[in-house]
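Asks: next come a sequence and a model predicted from it.
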Amino acid sequence: MAEVSELAEPYLPPASGPRELQHVCKDDSEGAGQPPPPAHQDESQSAQERPFVTLTYASSLDGMISLSPGLRTTLSGPETKNVTHYLRLHHDAILIGVGTAIPDDPSLNCRYPSVSLDSQPRPVVVDPRKRFDVHGSKLAQLAVQGMGKAPWLIHAGDRKGLDETKELAFERIYIDSDRDTTSPSVIAWPLILRALKQKGVDSVMIEGGATIISTLLCMPELVDSVIVTIAPTWLGQGGVSIAPAATVVDRERRNSATLKQTAWRQFGADAVLCGRMRLAD
Ligand SMILES: NC(=O)C1=CN([C@@H]2O[C@H](COP(=O)(O)OP(=O)(O)OC[C@H]3O[C@@H](n4cnc5c(N)ncnc54)[C@H](OP(=O)(O)O)[C@@H]3O)[C@@H](O)[C@H]2O)C=CC1
Ligand SMILES: Nc1nc(O)c(N)c(N[C@@H]2O[C@H](COP(=O)(O)O)[C@@H](O)[C@H]2O)n1
(Lines give C-alpha, C1' and ligand atoms only; values in the text may rest on other atoms or scores of the structure.)
(Ligands and ions follow the chains in the order given, each with its own letter.)
Protein backbone atom coordinates (compact mmCIF):
# COMPACT_ATOMS: atom_id res chain seq x y z
CA MET A 1 0.00 0.00 0.00
CA ALA A 2 2.80 2.44 0.89
CA GLU A 3 4.44 1.83 -2.49
CA VAL A 4 1.21 2.57 -4.33
CA SER A 5 0.61 5.81 -2.49
CA GLU A 6 4.23 6.90 -2.96
CA LEU A 7 3.84 6.59 -6.70
CA ALA A 8 0.26 7.68 -7.19
CA GLU A 9 -0.37 10.40 -4.64
CA PRO A 10 0.96 13.32 -6.71
CA TYR A 11 -1.39 12.31 -9.51
CA LEU A 12 -4.51 11.91 -7.41
CA PRO A 13 -7.25 14.47 -6.78
CA PRO A 14 -6.15 17.25 -4.39
CA ALA A 15 -8.01 16.00 -1.32
CA SER A 16 -6.14 12.72 -1.48
CA GLY A 17 -2.89 13.89 0.11
CA PRO A 18 0.41 15.72 -0.39
CA ARG A 19 1.20 16.36 -4.04
CA GLU A 20 4.94 15.70 -4.20
CA LEU A 21 6.97 13.25 -6.21
CA GLN A 22 8.72 10.77 -3.95
CA HIS A 23 10.96 7.72 -4.24
CA VAL A 24 10.02 6.53 -7.66
CA CYS A 25 11.77 6.28 -11.03
CA LYS A 26 11.47 9.61 -12.80
CA ASP A 27 12.07 10.57 -16.41
CA ASP A 28 14.58 13.16 -17.74
CA SER A 29 12.20 15.15 -19.90
CA GLU A 30 10.14 18.27 -19.32
CA GLY A 31 9.08 18.70 -15.71
CA ALA A 32 10.71 15.47 -14.56
CA GLY A 33 11.41 15.50 -10.85
CA GLN A 34 9.20 18.55 -10.35
CA PRO A 35 6.07 18.24 -8.30
CA PRO A 36 3.11 18.19 -10.67
CA PRO A 37 1.32 21.56 -10.85
CA PRO A 38 -1.80 22.06 -8.80
CA ALA A 39 -4.89 20.46 -10.18
CA HIS A 40 -6.73 22.28 -12.96
CA GLN A 41 -3.88 24.71 -13.60
CA ASP A 42 -4.00 24.92 -17.37
CA GLU A 43 -7.45 24.12 -18.56
CA SER A 44 -10.15 25.97 -20.38
CA GLN A 45 -12.96 24.38 -18.34
CA SER A 46 -12.35 25.64 -14.83
CA ALA A 47 -12.15 23.60 -11.65
CA GLN A 48 -15.56 24.87 -10.67
CA GLU A 49 -17.13 23.39 -13.78
CA ARG A 50 -15.66 19.92 -13.91
CA PRO A 51 -14.25 17.25 -11.60
CA PHE A 52 -10.60 16.25 -11.41
CA VAL A 53 -10.17 13.73 -14.25
CA THR A 54 -7.84 10.72 -14.17
CA LEU A 55 -7.57 8.47 -17.23
CA THR A 56 -6.51 4.97 -16.29
CA TYR A 57 -6.31 1.65 -18.12
CA ALA A 58 -4.21 -1.47 -18.52
CA SER A 59 -2.30 -1.90 -21.76
CA SER A 60 -0.23 -4.58 -23.45
CA LEU A 61 3.16 -3.82 -24.95
CA ASP A 62 1.49 -3.38 -28.33
CA GLY A 63 -0.83 -0.72 -26.91
CA MET A 64 -3.90 -2.97 -26.75
CA ILE A 65 -6.49 -3.10 -23.99
CA SER A 66 -8.39 -6.19 -25.10
CA LEU A 67 -7.89 -9.21 -27.34
CA SER A 68 -10.81 -8.29 -29.58
CA PRO A 69 -13.73 -5.85 -29.46
CA GLY A 70 -16.10 -6.78 -26.70
CA LEU A 71 -13.88 -9.41 -25.12
CA ARG A 72 -13.06 -8.89 -21.45
CA THR A 73 -9.31 -9.36 -21.21
CA THR A 74 -7.26 -9.51 -18.03
CA LEU A 75 -4.00 -7.62 -18.34
CA SER A 76 -3.32 -6.45 -14.78
CA GLY A 77 -1.73 -8.91 -12.40
CA PRO A 78 -2.95 -9.10 -8.79
CA GLU A 79 -0.52 -6.39 -7.68
CA THR A 80 -1.65 -3.86 -10.28
CA LYS A 81 -5.31 -4.75 -9.79
CA ASN A 82 -4.64 -3.74 -6.20
CA VAL A 83 -3.35 -0.41 -7.53
CA THR A 84 -6.63 0.01 -9.40
CA HIS A 85 -8.61 -0.54 -6.20
CA TYR A 86 -6.44 2.03 -4.45
CA LEU A 87 -7.16 4.52 -7.24
CA ARG A 88 -10.89 3.73 -7.14
CA LEU A 89 -10.93 4.49 -3.44
CA HIS A 90 -9.44 7.92 -4.13
CA HIS A 91 -12.03 9.05 -6.68
CA ASP A 92 -15.68 10.02 -6.25
CA ALA A 93 -16.74 8.27 -9.45
CA ILE A 94 -15.55 5.72 -12.01
CA LEU A 95 -16.70 6.22 -15.59
CA ILE A 96 -16.77 3.74 -18.46
CA GLY A 97 -18.46 3.62 -21.87
CA VAL A 98 -21.29 1.31 -22.82
CA GLY A 99 -18.85 -0.52 -25.13
CA THR A 100 -17.13 -1.70 -21.96
CA ALA A 101 -20.19 -2.07 -19.74
CA ILE A 102 -21.94 -4.55 -22.06
CA PRO A 103 -19.13 -7.09 -22.56
CA ASP A 104 -17.40 -6.70 -19.18
CA ASP A 105 -20.45 -6.46 -16.89
CA PRO A 106 -18.03 -4.90 -14.38
CA SER A 107 -18.32 -4.32 -10.66
CA LEU A 108 -16.51 -0.95 -10.56
CA ASN A 109 -16.31 -0.95 -6.77
CA CYS A 110 -13.32 -0.84 -4.46
CA ARG A 111 -12.79 -4.32 -3.12
CA TYR A 112 -10.55 -3.47 -0.19
CA PRO A 113 -11.95 -5.07 2.95
CA SER A 114 -14.01 -2.84 5.24
CA VAL A 115 -14.57 -0.02 2.75
CA SER A 116 -17.85 1.66 3.72
CA LEU A 117 -20.54 2.23 1.11
CA ASP A 118 -20.05 5.95 1.58
CA SER A 119 -16.40 5.65 0.52
CA GLN A 120 -17.20 3.60 -2.59
CA PRO A 121 -16.87 5.40 -5.92
CA ARG A 122 -20.02 6.11 -7.95
CA PRO A 123 -20.10 3.96 -11.11
CA VAL A 124 -21.04 5.98 -14.21
CA VAL A 125 -21.77 4.49 -17.64
CA VAL A 126 -21.94 6.68 -20.74
CA ASP A 127 -24.72 4.98 -22.67
CA PRO A 128 -26.28 7.56 -24.99
CA ARG A 129 -28.72 5.14 -26.65
CA LYS A 130 -29.69 2.99 -23.64
CA ARG A 131 -28.03 -0.16 -24.95
CA PHE A 132 -26.89 -1.40 -21.53
CA ASP A 133 -29.32 -3.74 -19.72
CA VAL A 134 -28.76 -2.23 -16.30
CA HIS A 135 -31.56 -4.26 -14.69
CA GLY A 136 -29.63 -7.51 -15.01
CA SER A 137 -26.22 -5.98 -14.42
CA LYS A 138 -23.66 -6.65 -11.71
CA LEU A 139 -23.63 -2.90 -11.04
CA ALA A 140 -27.32 -2.93 -10.08
CA GLN A 141 -26.91 -6.16 -8.13
CA LEU A 142 -24.05 -4.73 -6.08
CA ALA A 143 -26.04 -1.58 -5.39
CA VAL A 144 -28.96 -3.63 -4.07
CA GLN A 145 -26.55 -5.65 -1.89
CA GLY A 146 -24.98 -2.44 -0.54
CA MET A 147 -21.60 -3.38 -1.98
CA GLY A 148 -21.46 -0.46 -4.38
CA LYS A 149 -23.25 2.79 -5.04
CA ALA A 150 -26.16 2.81 -7.47
CA PRO A 151 -24.77 3.42 -10.96
CA TRP A 152 -25.59 6.51 -12.97
CA LEU A 153 -26.37 6.03 -16.65
CA ILE A 154 -25.73 8.98 -18.93
CA HIS A 155 -28.09 9.10 -21.91
CA ALA A 156 -28.36 11.52 -24.80
CA GLY A 157 -31.60 13.41 -24.65
CA ASP A 158 -33.46 16.56 -23.94
CA ARG A 159 -33.89 17.07 -20.21
CA LYS A 160 -37.05 19.07 -20.75
CA GLY A 161 -39.00 16.09 -21.99
CA LEU A 162 -37.25 13.49 -19.88
CA ASP A 163 -36.73 14.24 -16.22
CA GLU A 164 -33.97 12.43 -14.37
CA THR A 165 -35.36 9.05 -13.41
CA LYS A 166 -34.32 7.70 -10.04
CA GLU A 167 -34.72 4.03 -9.36
CA LEU A 168 -33.50 1.98 -6.43
CA ALA A 169 -30.54 0.40 -8.13
CA PHE A 170 -29.60 3.04 -10.71
CA GLU A 171 -30.23 6.57 -11.90
CA ARG A 172 -30.62 7.90 -15.43
CA ILE A 173 -29.18 11.28 -16.37
CA TYR A 174 -30.08 12.88 -19.68
CA ILE A 175 -27.73 15.31 -21.40
CA ASP A 176 -28.33 17.08 -24.68
CA SER A 177 -26.25 15.63 -27.50
CA ASP A 178 -23.55 17.67 -29.20
CA ARG A 179 -25.20 19.71 -31.96
CA ASP A 180 -21.81 20.28 -33.64
CA THR A 181 -21.39 16.61 -34.56
CA THR A 182 -23.18 14.58 -37.18
CA SER A 183 -24.20 11.87 -34.73
CA PRO A 184 -27.28 12.62 -32.63
CA SER A 185 -25.97 10.47 -29.77
CA VAL A 186 -22.57 12.09 -29.16
CA ILE A 187 -22.49 14.18 -25.98
CA ALA A 188 -19.80 16.84 -25.60
CA TRP A 189 -17.31 15.85 -22.88
CA PRO A 190 -17.41 19.22 -21.10
CA LEU A 191 -21.16 18.68 -20.67
CA ILE A 192 -20.70 15.18 -19.28
CA LEU A 193 -18.08 16.43 -16.84
CA ARG A 194 -20.14 19.46 -15.86
CA ALA A 195 -23.17 17.26 -15.16
CA LEU A 196 -21.05 15.08 -12.86
CA LYS A 197 -19.66 18.12 -11.06
CA GLN A 198 -23.16 19.53 -10.59
CA LYS A 199 -24.14 16.27 -8.96
CA GLY A 200 -21.32 16.59 -6.42
CA VAL A 201 -18.61 14.55 -8.13
CA ASP A 202 -15.25 16.25 -7.50
CA SER A 203 -13.08 13.54 -9.04
CA VAL A 204 -13.68 10.92 -11.70
CA MET A 205 -11.49 8.01 -12.76
CA ILE A 206 -12.18 7.19 -16.40
CA GLU A 207 -11.34 3.50 -16.92
CA GLY A 208 -12.22 3.03 -20.57
CA GLY A 209 -12.79 1.71 -23.02
CA ALA A 210 -10.76 2.42 -26.10
CA THR A 211 -13.14 4.93 -27.69
CA ILE A 212 -13.43 7.05 -24.57
CA ILE A 213 -9.74 7.01 -23.60
CA SER A 214 -8.58 7.66 -27.18
CA THR A 215 -11.01 10.59 -27.47
CA LEU A 216 -10.00 12.16 -24.18
CA LEU A 217 -6.29 11.86 -24.95
CA CYS A 218 -7.03 14.45 -27.65
CA MET A 219 -8.56 16.79 -25.05
CA PRO A 220 -5.65 17.40 -22.67
CA GLU A 221 -7.37 20.46 -21.22
CA LEU A 222 -9.97 18.13 -19.70
CA VAL A 223 -7.55 15.60 -18.22
CA ASP A 224 -5.53 16.03 -15.02
CA SER A 225 -3.68 12.72 -14.69
CA VAL A 226 -3.05 9.58 -16.70
CA ILE A 227 -2.17 6.31 -14.97
CA VAL A 228 -1.42 3.33 -17.21
CA THR A 229 -0.67 -0.24 -16.18
CA ILE A 230 1.66 -1.86 -18.70
CA ALA A 231 1.56 -5.64 -18.75
CA PRO A 232 4.57 -7.52 -20.18
CA THR A 233 2.65 -9.17 -23.00
CA TRP A 234 1.63 -8.55 -26.60
CA LEU A 235 -2.05 -9.17 -27.41
CA GLY A 236 -1.44 -9.24 -31.16
CA GLN A 237 -3.18 -7.89 -34.24
CA GLY A 238 -6.94 -7.66 -34.13
CA GLY A 239 -6.94 -6.42 -30.55
CA VAL A 240 -8.50 -3.17 -29.36
CA SER A 241 -5.89 -0.44 -29.10
CA ILE A 242 -5.68 2.94 -27.44
CA ALA A 243 -4.89 5.32 -30.29
CA PRO A 244 -5.83 8.99 -30.27
CA ALA A 245 -6.73 10.49 -33.64
CA ALA A 246 -3.82 11.49 -35.87
CA THR A 247 -2.65 15.08 -35.55
CA VAL A 248 -1.59 16.92 -38.70
CA VAL A 249 -0.26 20.48 -38.53
CA ASP A 250 0.76 22.26 -41.74
CA ARG A 251 0.49 18.91 -43.54
CA GLU A 252 2.99 17.34 -41.14
CA ARG A 253 2.24 14.50 -38.75
CA ARG A 254 2.74 15.37 -35.11
CA ASN A 255 2.47 13.26 -31.96
CA SER A 256 -1.15 13.14 -30.89
CA ALA A 257 -0.68 13.16 -27.13
CA THR A 258 2.28 13.24 -24.77
CA LEU A 259 2.75 12.91 -21.04
CA LYS A 260 4.92 15.15 -18.91
CA GLN A 261 6.06 14.86 -15.29
CA THR A 262 6.10 11.10 -15.56
CA ALA A 263 6.87 8.62 -12.81
CA TRP A 264 6.69 4.86 -12.85
CA ARG A 265 7.15 1.85 -10.67
CA GLN A 266 6.98 -1.94 -10.92
CA PHE A 267 4.20 -3.88 -9.18
CA GLY A 268 4.54 -7.64 -9.65
CA ALA A 269 5.33 -8.23 -13.31
CA ASP A 270 3.67 -4.99 -14.50
CA ALA A 271 4.78 -1.37 -14.65
CA VAL A 272 2.54 1.51 -13.66
CA LEU A 273 3.25 4.79 -15.45
CA CYS A 274 1.79 8.07 -14.19
CA GLY A 275 1.87 11.44 -15.91
CA ARG A 276 0.15 14.68 -16.73
CA MET A 277 -1.04 15.59 -20.21
CA ARG A 278 1.19 18.01 -22.06
CA LEU A 279 -0.93 20.68 -23.77
CA ALA A 280 -0.38 21.15 -27.52
CA ASP A 281 2.20 23.86 -28.43
N1 LIG B 1 -7.62 -3.07 -20.30
C2 LIG B 1 -8.36 -2.10 -19.80
O3 LIG B 1 -7.93 -1.38 -18.90
C4 LIG B 1 -9.74 -1.88 -20.30
C5 LIG B 1 -10.24 -2.56 -21.39
N6 LIG B 1 -11.48 -2.28 -21.86
C7 LIG B 1 -11.94 -2.95 -23.07
O8 LIG B 1 -12.24 -1.99 -24.09
C9 LIG B 1 -13.23 -2.55 -24.96
C10 LIG B 1 -14.35 -1.54 -25.16
O11 LIG B 1 -13.91 -0.37 -25.81
P12 LIG B 1 -14.91 0.43 -26.76
O13 LIG B 1 -15.66 -0.53 -27.60
O14 LIG B 1 -14.14 1.48 -27.43
O15 LIG B 1 -16.01 1.01 -25.75
P16 LIG B 1 -16.13 2.24 -24.74
O17 LIG B 1 -16.26 1.70 -23.38
O18 LIG B 1 -15.11 3.30 -24.99
O19 LIG B 1 -17.59 2.77 -25.13
C20 LIG B 1 -17.79 3.41 -26.37
C21 LIG B 1 -19.26 3.80 -26.49
O22 LIG B 1 -19.62 4.71 -25.45
C23 LIG B 1 -20.49 5.70 -25.95
N24 LIG B 1 -19.78 7.00 -25.93
C25 LIG B 1 -18.45 7.23 -25.84
N26 LIG B 1 -18.20 8.56 -25.84
C27 LIG B 1 -19.39 9.17 -25.94
C28 LIG B 1 -19.80 10.53 -25.99
N29 LIG B 1 -18.94 11.55 -25.97
N30 LIG B 1 -21.11 10.80 -26.09
C31 LIG B 1 -22.01 9.80 -26.12
N32 LIG B 1 -21.69 8.49 -26.10
C33 LIG B 1 -20.40 8.20 -25.99
C34 LIG B 1 -20.81 5.31 -27.40
O35 LIG B 1 -21.97 4.48 -27.33
P36 LIG B 1 -22.94 4.21 -28.60
O37 LIG B 1 -22.19 3.27 -29.48
O38 LIG B 1 -24.17 3.59 -28.02
O39 LIG B 1 -23.20 5.52 -29.28
C40 LIG B 1 -19.56 4.54 -27.78
O41 LIG B 1 -19.73 3.65 -28.85
C42 LIG B 1 -13.75 -3.81 -24.30
O43 LIG B 1 -13.20 -4.93 -24.97
C44 LIG B 1 -13.23 -3.72 -22.87
O45 LIG B 1 -13.00 -4.99 -22.31
C46 LIG B 1 -12.27 -1.34 -21.27
C47 LIG B 1 -11.84 -0.65 -20.19
C48 LIG B 1 -10.53 -0.85 -19.62
N1 LIG C 1 -6.96 -2.22 -14.33
C2 LIG C 1 -7.51 -3.06 -15.23
N3 LIG C 1 -6.81 -4.11 -15.66
C4 LIG C 1 -7.31 -4.96 -16.56
O5 LIG C 1 -6.59 -6.01 -16.95
C6 LIG C 1 -8.61 -4.75 -17.06
N7 LIG C 1 -9.15 -5.62 -17.96
C8 LIG C 1 -9.32 -3.63 -16.57
N9 LIG C 1 -10.56 -3.38 -17.03
C10 LIG C 1 -11.39 -2.38 -16.42
O11 LIG C 1 -11.86 -2.82 -15.15
C12 LIG C 1 -13.24 -3.11 -15.24
C13 LIG C 1 -13.56 -4.37 -14.49
O14 LIG C 1 -13.69 -4.00 -13.17
P15 LIG C 1 -14.17 -5.03 -12.03
O16 LIG C 1 -12.99 -5.89 -11.73
O17 LIG C 1 -15.31 -5.82 -12.61
O18 LIG C 1 -14.56 -4.17 -10.91
C19 LIG C 1 -13.55 -3.25 -16.70
O20 LIG C 1 -14.88 -2.97 -17.03
C21 LIG C 1 -12.62 -2.18 -17.26
O22 LIG C 1 -13.13 -0.89 -17.04
N23 LIG C 1 -8.75 -2.80 -15.66
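Replies: Received, thanks. Ligands and ions are numbered 1, 2, ... in the order given.
Asks: from here on, just use CA atoms for contacts and neighbour counts.
Replies: Fine.
Asks: pretty sure P123 sits in a strand.
Replies: Yes - under DSSP: H, G, I helix; E, B strand; the rest coil, P123 falls within a strand.
Asks: and it, what does it touch?
Replies: A93, I94, L95, L108, N109, L139, K149, A150, P151, W152 (C-alpha atoms under 8 Å, 6 or more residues apart in numbering).
Asks: how about L75?
Replies: Shown in contact with L75 (C-alpha under 8 Å, 6+ apart): A58, S59, S60, I65, A231.
Asks: looking at these, which is nearest A257?
Replies: A257 has its nearest neighbour among these in S59, at 16.1 Å by C-alpha to C-alpha.
Asks: so what's the residue count around I175?
Replies: When neighbours are defined as other C-alpha atoms under 10 Å, I175 has 22 of them.
Asks: stretch 253-273: end-to-end distance?
Replies: End-to-end distance for stretch 253-273, by C-alpha to C-alpha, to the nearest Å: 25 Å.
Asks: re the thing from before, filter the contacts of P123 by proximity to ligand 2?
Replies: With the criterion set as C-alpha under 6 Å from any ligand atom, the members of the contacts of P123 near ligand 2 are L108, N109.
Asks: closest one to ligand 2 out of the contacts of P123, please.
Replies: Using C-alpha to the nearest ligand atom, L108 is the member of the contacts of P123 that lies nearest ligand 2, at 3.8 Å.
Asks: quick check: that closest one vs L235, distance?
Replies: Separation of L108 from L235 (C-alpha to C-alpha) stands at 24 Å.
Asks: who's more crowded, the two?
Replies: A direct count of neighbours by other C-alpha under 10 Å for L108 and L235 places L108 higher, at 26 against 21.
Asks: list the residues that contact the more buried one.
Replies: I94, P121, P123, L139, G148.
Asks: tell me how many other residues surround the closest residue to the last one other than its chain neighbours.
Replies: Excluding its sequence neighbours, the residue lying closest to G148 (C-alpha to C-alpha, 6 or more residues apart in numbering) is L142, at 5.3 Å. When neighbours are defined as other C-alpha under 10 Å, L142 has 18 of them.
Asks: T74 now?
Replies: T74 has 13 neighbours, counted by other C-alpha under 10 Å.
Asks: for G148, see how far away it is.
Replies: The value you get for T74 to G148, if C-alpha to C-alpha is used, is 22 Å.
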